[in-house]
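Colleague: Only the shape, not the letters, is given here:
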């Protein structure tokens, strides 16, 4: 394995998830400091994990080797995430004006229904694969 491959693997599988986790922890601490009523911490965790998974699948497709874990992640993103994000959006619809965190969680969960299909369409169409090979 070359140095470049090691760097790519570390960035995709360690650096990006760790950055997301640190930002999530920072955000939950900020909500706690601001005394947000019914802070959507669990919902935000699911949103972070889902979008993080989408980012990891995209980066794996573009820069790394496909694996069984990437397949499992894609399976969740196609079948499980729409249900999960739909439930979060439904639960947050009445709470979205409580705080900017509720508002952002609501719209982030709704946006998944636009962002994910476009991402998968761009990643897995034959045209994209042809462009990557050029």
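Modeller: The structure has been received and is ready for your questions. Source: prediction; values computed, not measured.
Colleague: how near is the spatially most central residue of the chain to residue 17?
Modeller: Taking C-alpha atoms, centre = their mean as the criterion, residue 51 is the residue nearest the geometric centre of the chain, at 0.8 Å. Residue 51 sits 12 Å away from residue 17, going by C-beta to C-beta, to the nearest Å. All C-beta spots, glycine's among them, are computed from the backbone N, C-alpha and C.
Colleague: thought residue 112 was touching residue 50?
Modeller: Yes: with contact defined as C-beta atoms under 8 Å, residue 112 and residue 50 form a contacting pair (6.6 Å).
Colleague: and residue 118, how many residues sit next to it?
Modeller: Residue 118 is flanked by 9 other residues according to other C-beta atoms under 10 Å.
Colleague: cool, the one 4 residues further on as well?
Modeller: Using other C-beta under 10 Å as the criterion, residue 122 is surrounded by 13 other residues.
Colleague: buried sites along the host helix or strand of it?
Modeller: Following DSSP states H and E, one finds residue 122 within helix 100-124. Residues 101-102, 104-106, 108-110, 112, 116, 119-120, 123 are the ones in helix 100-124 that count as buried (16 or more other C-beta atoms under 10 Å).
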